[in-house]
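[1] Sequence first, predicted coordinates after that:
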Amino acid sequence: MNASRVIPSISLMPALRAAAAVLALATLVASCGQGEAQKKAGGPPPAPTVIVAKPAQRTVTDFDEYVGRFAAVNSVEVRARVSGYLDGVHFKDGQRVKQGDLLFTIDKRPFQYTLEQARANLTTAKSNLAYAESDLKRGQSLVREHTITEQIFEQRMQTFRNAQAAVNATTAAVQQAELDMQFTELRAPINGRIGARQVSPGNLVTGGTSGNTTLLATIVSTDPIYFEFTFDETSYLRYERLAKDGGDVASRGGGVTVALKLIDDKGFPHEGRMDFVNNVINTSTGTILARAVFNNPNNVFTPGMFGRVRVPASPPHQALLVPAAAIGTQQANKYVLLVGPDDKVKQQIVTLGQLTPDGLRVIKTGLKADDRVVVEGLMSARPGQKVKPQEKSPKPKAPAKVGEASTAPK
């Protein structure tokens, strides 16, 4: 029985040896593959691919932006010139009025009586003057005939002079009464928008030229309209010096085109012109008042409204521009990534200018025209790292008009 059990074990030995050999070979191949993978994993990674482009070149103008308020070119307080009871109001609060439109009427009856009385006095004075004139003519012939004395003739001459003075006085009274009748109708002195009435019909209105007259309403003109703002002394000096060099900037000379945006505007769509720069600098704030004028045909601008104005800060000049997305921030510094001749990345600190509508940022300092700027792939590029640059030529566009670009950060 022991011999029969040993014979099968001896017959399986070659098969077991073959299986062990195959397993050892498989293990060896696997270990070789892992070694090759480890060698590959331990080597340097491939250089990342980045898109580079040279800065675009354009003729641009630097701008400064200031916050200010609109102000009416003309503003008139409507006050009565005569006293009396308010008889009627002939407008709706807030409506637009034209010069000459009837606004208020004051009870005319007392002034009508005064006018009629003055005209009656004038008629009497003219009658007295005619009688005195005829009496004087008779006196001239009588004094030549020595019928009356020189003294009586002088009395008649004085009577004639008094009659002339009475006619002049009553004529002036009639004219004043006629003016008072006209002043009972208060008409709009300018074109504009009238505010709310301050007095209701039936109330006594105090008129005249004293300081206690009754304010009835206020009218402000709206087209054109002023925009007032202030800028600092440094900017004022810069504008004046550039103006003396022939630069078209916000100097005292005026006439320079400026752009404006309202709180809900995109860009600076409204164009106006510089109108005035004050002659003194405010000693409390160190700023000087400036003013621009804008057309307002649609009455969008309202006195007291806030706005933001852009004024030229330099003559037109050549500038380098890069896509805004290519600019990075490091604390307070702005930078771009450059690729040198050896295809290594370098960080370059730059000074920014304004942003154009097509997304390009003006670079004031830090770049040269032949620099290769990384415009795509910034996240995979690091300073000192070698990269595979691919050239990309930016499409040049026309320079932005005044008011289309945003302010340069300061």
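    Okay, I see it.
[2] Pull the residues that contact stretch 162-179.
    Taking contacts as C-beta atoms under 8 Å, 6 or more residues apart in numbering, the residues outside stretch 162-179 that touch it are 111, 114-115, 117-119, 121-122, 124-126, 128-129, 131-133. Yep, even glycine has a C-beta here, placed from its N, CA and C like the rest.
[3] Sort out for me which of those are in strands.
    Secondary structure assignment (DSSP state E) places none of the contacts of stretch 162-179 within strands.
[4] Now which of these would you call buried?
    Neighbour counting with 16 or more other C-beta atoms under 10 Å marks 111, 114-115, 118-119, 121-122, 125, 128-129, 132 as buried within the contacts of stretch 162-179.
[5] now the residues you listed in TSV, with distance to residue 350 and pLDDT?
    Output for these, formatted as TSV (distance: C-beta to C-beta, whole Å; pLDDT from 0 to 100):
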residue	distance to residue 350	pLDDT
111	77	93
114	81	93
115	80	93
118	83	92
119	85	93
121	88	92
122	86	91
125	90	90
128	95	88
129	93	87
132	97	84
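[6] Between these, which sits nearest residue 269?
    Of all the buried ones among the contacts of stretch 162-179, the one sitting nearest residue 269 is residue 111; the distance, using C-beta to C-beta, is 52.3 Å.
[7] Just confirm that closest one contacts residue 83, I think it does.
    No - Residue 111 is not in contact with residue 83 according to C-beta atoms under 8 Å; the separation is 10.3 Å.
[8] Show the contacting residues for residue 69.
    227-229, 303-307.
[9] out of the residues you listed, who has the most neighbours?
    Of all these, the highest neighbour tally under other C-beta atoms under 10 Å goes to residue 227, namely 24 neighbours.
[10] On the three-state scheme, it is what?
    Taking DSSP: H, G, I helix; E, B strand; the rest coil as the rule, one finds residue 227 in the strand state.
[11] and it, what does it touch?
    Taking C-beta under 8 Å, 6+ apart as the criterion, residue 227 is in contact with 68-71, 260, 272, 291-294, 301, 307, 309.
[12] Tabulate these in TSV, adding columns for pLDDT, distance to residue 197 and secondary structure.
    Rendered in TSV, the data for the contacts of residue 227 read as follows (pLDDT from 0 to 100; distance: C-beta to C-beta, whole Å; DSSP: H, G, I helix; E, B strand; the rest coil):
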residue	pLDDT	distance to residue 197	secondary structure
68	94	30	strand
69	95	25	strand
70	95	24	strand
71	94	23	strand
260	93	32	strand
272	92	33	strand
291	93	31	strand
292	93	32	strand
293	94	30	strand
294	94	29	strand
301	92	24	coil
307	94	29	strand
309	93	34	strand
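[13] closest to residue 202 among the buried ones among the contacts of stretch 162-179?
    Taking C-beta to C-beta as the measure, residue 202 lies nearest residue 111 of the buried ones among the contacts of stretch 162-179, at 17.6 Å.
[14] need the contact list for the closest one.
    Residue 111 sits next to 82, 84, 177, 180-181, 184 when contact means C-beta under 8 Å, 6+ apart.
[15] filter those residues to the buried ones?
    Members of the contacts of residue 111 that pass the buried threshold by neighbour count (16+ other C-beta under 10 Å) are listed as 82, 84, 177, 180, 184.
[16] Which pair of those spans the longest distance?
    Pairwise distances among the buried ones among the contacts of residue 111 were taken by C-beta to C-beta; the largest, 13.6 Å, belongs to 84 and 177.
[17] which stretches of the stretch 151-300 of the chain have low pLDDT?
    In the prediction, the stretch 151-300 of the chain carries residues with pLDDT under 70 at positions 245-254.
[18] and what of the stretch 301-410 of the chain?
    With pLDDT under 70 as the threshold, the stretch 301-410 of the chain has low-confidence stretches at 393-410.
[19] At which residues are the strands of it located?
    The residue ranges that make up the strands of the stretch 301-410 of the chain, judged by DSSP state E, counting those that start in this stretch, are 306-312, 317-323, 328-330, 333-339, 345-355, 360-365, 373-376, 388-391.
[20] Break this structure into its domains for me.
    Structural domains of the chain, as assigned by automatic domain parsing, span the residue ranges 50-60+317-391, 64-72+222-312, 78-219.
[21] Tell me which stretches of this structure form helices.
    Listed in chain order, the helices of the chain (DSSP state H) span 2-42, 109-144, 150-183, 233-244.
[22] For residue 202, give me its contacts.
    85-86.
[23] err, residue 376, not the other one
    Taking C-beta under 8 Å, 6+ apart as the criterion, residue 376 is in contact with 50-51, 392.
[24] between those, which has the most around it?
    Neighbour-wise, the contacts of residue 376 (other C-beta under 10 Å) top out at residue 50, 24 neighbours.
[25] Just confirm that residue contacts residue 386, I think it does.
    No - counting by C-beta under 8 Å, residue 50 sits too far from residue 386 to count as a contact (10.6 Å).
[26] got any residues that touch both of those two?
    residue 345.
[27] rewinding a little: in the contacts of residue 111, find the pair that's most separated.
    84 and 177 (13.6 Å).
[28] one step back: just send the contacts of residue 227 back as TSV, with distance to residue 106 too.
    As requested, these are arranged in TSV below (distance: C-beta to C-beta, whole Å):
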residue	distance to residue 106
68	40
69	35
70	34
71	31
260	42
272	41
291	37
292	40
293	36
294	37
301	34
307	40
309	44
